[in-house]
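Visitor: model the structure of this input:
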Amino acid sequence: MTSIPRYKSDEAVVYDDVLPADQFAALFRYLNGVEYASVHAQRWHKVWRLTDGNPLTAKAGWYHPRPVGRPRTPRYPTGTPLDRLVDWIVARVPDVASVVGNLDAWEALSFAPWIYPAGSGLSLHQDGARYTGAFTYFAHPHWKLHWGGHLMVLDPQTPRRDLAGGELMPAFLNDDDETARVFDPGLAQVILPRPNRIVFISPTAQHVLTKVDASAGQAARVSVAGFFHKPATRPQAP
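Guide: Have a look, this model is predicted:
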C-alpha cells in the first residue's frame, strides 16, 4: 500500500494504489451487492442542482476514534471489505491532517458507498462548517477519460460566495452570480477518477464533480465517500 501522495496542496491530497489488488476486488464485489437508494429518496438535497441527475447512495457507517455519548451506527468494524479502506484512512490521518484535521479535531468519520450513473454529477459546492474535511475513494475497476466524473477543485484564489451581493446559497434555481464570481481567475485543478485512488478534500475547497457522460454506459462511477465530523454539541459520556 502506498504512503507517498501523488498530489498535495492546501485544498486536496491524493494517494494512488491504496488497497492491494485482492482487497480492491473484494470491495468492488461488496459494493455491487449493497442496497442503494436515490440521494433524493426523502427530499431533494439542494447541493445537487436540478440538472445533476440521480446519484445513488447506501447507508453510512461510522468510525469513532474515542468513546462518545451516543455512538452512531452501524459502527466500525463493519465486518465487510469496507473495513480495510477505513483502516487505511485512519492510519493516514496524521499525514493529511493539514487538509482534514488531526484526531483531536473531529469526533467521527462517516463512510458510505456512492454510485454516479451516466447523466449524474454534483455542481459547485463546499463541504460545509460541520466537517473538518472529506474524502472520496474511487472503487470502480476501470475508467476512461471521456466518461467524465472528474473532481474539479477551483483555484484557491477564487472568491468565496458573495452572499452580501445577492448570490443565492445554494445556487439551486439561479447560478448567474456564482458563474460570474468563479471566472476570477477561472482556474481549477482536475483530479481524474482513477481506480483505487483516494482524494482528501479540505472543507474550504470549492469543488465540482463533473457529470458522468452517456458514453460510460453501464460503467457507473463507484466510490466510497465520507466526512470527518466536528465534535457534536450534545453531552458526552463521562
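
Visitor: can you give me the mean pLDDT across the top helix by length along the chain?
Guide: Longest among the helix segments of the chain by residue count, using DSSP state H, is helix 82-100. For helix 82-100, the mean per-residue pLDDT is 97.

Visitor: chain center to the helix or strand following that helix, what's the gap?
Guide: Helices and strands here follow DSSP states H and E; after helix 82-100, the next one along the chain is strand 108-116. Relative to its chain's centre, strand 108-116 lies at 7 Å (C-alpha atoms, centre = their mean, to the nearest Å).

Visitor: in its sheet, what does strand 108-116 sit against?
Guide: Strand 108-116 pairs in its sheet with strand 56-57 (antiparallel), strand 61-63 (antiparallel), strand 221-229 (antiparallel), by DSSP bridges.

Visitor: including distance to W48, mean pLDDT and mean neighbour count, could those go into JSON lines?
Guide: All C-beta atoms are positioned from the backbone trio N, CA, C, and that covers glycine. Shown next, in JSON lines, are those (distance: least, C-beta to C-beta, whole Å; pLDDT from 0 to 100; neighbours: other C-beta atoms under 10 Å):
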{"stretch": "strand 56-57", "distance to W48": "11", "mean pLDDT": "98", "mean neighbour count": "19"}
{"stretch": "strand 61-63", "distance to W48": "22", "mean pLDDT": "98", "mean neighbour count": "22"}
{"stretch": "strand 221-229", "distance to W48": "14", "mean pLDDT": "98", "mean neighbour count": "24"}
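
Visitor: so how far is the lowest-mean-pLDDT helix or strand in the chain off the chain centroid?
Guide: Lowest on mean pLDDT, DSSP states H and E among the helices and strands of the chain sits helix 176-182, with a mean of 95. Helix 176-182 has its C-alpha centroid displaced from the chain centroid by 23 Å (C-alpha atoms, centre = their mean).

Visitor: buried residues in it?
Guide: Buried residues in helix 176-182, defined by neighbour count with 16 or more other C-beta atoms under 10 Å: 177-178, 181-182.
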